[in-house]
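*Asks:* could you look at this predicted model? Sequence included:
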Amino acid sequence: MSNPYQDGRGNKDRSITNPAGQGSEMPRSKSGKVTAAGDSTAFLIGEAMTGGYGKGPDILHACTIAVERGEIAVIVGPNGAGKSTAMKAVFGMLNVRSGRVLLDGEDITALTPQDRVVKGMGFVPQTSNIFTSMTVEENLEMGAFIRRDDFRDTMAQVYDLFPILKEKRNQAAGELSGGQRQQVAVGRALMTKPKVLMLDEPTAGVSPIVMDELFDRIIEVARTGIPILMVEQNARQALEIADKAYVLVQGRNAHTGTGKELLADPEVRRSFLGG
Ligand SMILES: Nc1ncnc2c1ncn2[C@@H]1O[C@H](COP(=O)(O)OP(=O)(O)OP(=O)(O)O)[C@@H](O)[C@H]1O
Ligand SMILES: [Mg+2]
């Protein structure tokens, strides 16, 4: 079967992802592998996070997820593994009992989600990620809520990235198809001009063709220099575009490596990729 991601286009092209002036490529550990404990050089890292909801039991157990500058990191794992919980913990929607969150080297563990947005985090949650009764354009305007400057250029960039949204700018977002709604959600997050983008299942409920298109757009966003940390249920396709990948099981890091390493790992293949 032909696979559009087989050429490993991901964002391995450093001339695109890491243009001069955007800082240099961060070093990896000697083995070239990224350890489960994470890499302190990561641009965004939720490190050894333990915690759950309210006074409930711990859902995350020393869980680490991270993304490096210029890269796409992917989190996969079975339903209920804690993928969304880990994302929420990184975004500050969960009080972690231990562990910490670092953004560009700064400890932001104590910050509210709002303050994390101000610091440069963009987050597209798995559910309720758009305002259905508002128009597409109003959704994008809402995304720009923290900005005091002129955001028209950013809106034009979002429309360039997702031309269908420009066409449907005056339509209620709730009337759009699943794939188009996800574009609205990603576009809304881009309106803050984030330094890093977190996406929780951006391709949920869309057809394979739409999934491929969304992945292409996500790769395009990464190439503009915005690192992407995303949860994906389409594990194989996600690993193919992942610079780094995490398999979470029951709130723990089960496997960590490059996308290619995990695709080649017999245990990962057997347990998560259907052989
Ligand atoms: N708001 C919540 N309050 C209490 N428990 C929750 C809440 N959200 C999730 N959980 C529990 O946390 C665990 C992990 O759920 P989570 O949504 O993080 O998994 P997931 O890996 O994202 O699953 P999926 O693939 O279905 O999206 C589950 O046992 C779930 O029941
Ligand atoms: Mg989830």
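*Replies:* Yep, it's here. Quick caveat, the model's predicted, so the values are computed rather than measured. Numbering: from 1, shown residues only. Ligands and ions are numbered 1, 2, ... in the order given.

*Asks:* tell me the residue of the chain that sits nearest ligand 2?
*Replies:* Nearest residue of the chain to ligand 2, counting by CB to the ion: Ser84, 3.1 Å away. Heads up, the C-betas are built off the backbone N, CA and C, glycines and all.

*Asks:* ok, that residue - contacts?
*Replies:* Residues in contact with Ser84 (CB atoms under 8 Å, 6 or more residues apart in numbering) are Pro125, Gln126, Asp200, Glu201, Val231.

*Asks:* near Phe131, how many other residues are there?
*Replies:* The number of residues packed near Phe131 is 17, by other CB atoms under 10 Å.

*Asks:* ok, it - contacts?
*Replies:* Contacts of Phe131 (CB under 8 Å, 6+ apart): Glu138, Asn139, Met142, Ala173.

*Asks:* rewinding a little: out of the contacts of Ser84, which are inside strands?
*Replies:* Among the contacts of Ser84, DSSP state E puts Asp200, Val231 in strands.

*Asks:* which one of the contacts of Phe131 is nearest ligand 1?
*Replies:* Closest approach between those and ligand 1, by CB to the nearest ligand atom: Ala173, at 21.9 Å.

*Asks:* pLDDT score for that closest one?
*Replies:* At Ala173, the pLDDT value in this model is 97.

*Asks:* helix or strand for Ile164, which one?
*Replies:* Assignment of secondary structure by DSSP states H and E places Ile164 within helix 163-167.

*Asks:* any idea which element the nearest residue to Val90 once chain neighbours are set aside lies in?
*Replies:* Nearest residue to Val90, sequence neighbours excluded (CB to CB, 6 or more residues apart in numbering): Gly46, at 4.0 Å. Using DSSP H and E, Gly46 sits in strand 44-51.

*Asks:* and the helix holding Ile164, what does it pack against?
*Replies:* Contact partners of helix 163-167 among helices and strands, from 3 or more CB pairs under 8 Å, 6 or more residues apart in numbering; DSSP states H and E: helix 152-161, helix 178-190.

*Asks:* at 6 Å instead, please
*Replies:* When contacts are defined as 3 or more CB pairs under 6 Å, 6 or more residues apart in numbering; DSSP states H and E, helix 163-167 sits against helix 178-190.

*Asks:* what segments of the stretch 51-200 of the chain are strands?
*Replies:* Under the criterion DSSP state E, counting those that start in this stretch, the stretch 51-200 of the chain contains strands at 60-67, 72-76, 98-103, 106-107, 121-124, 196-200.
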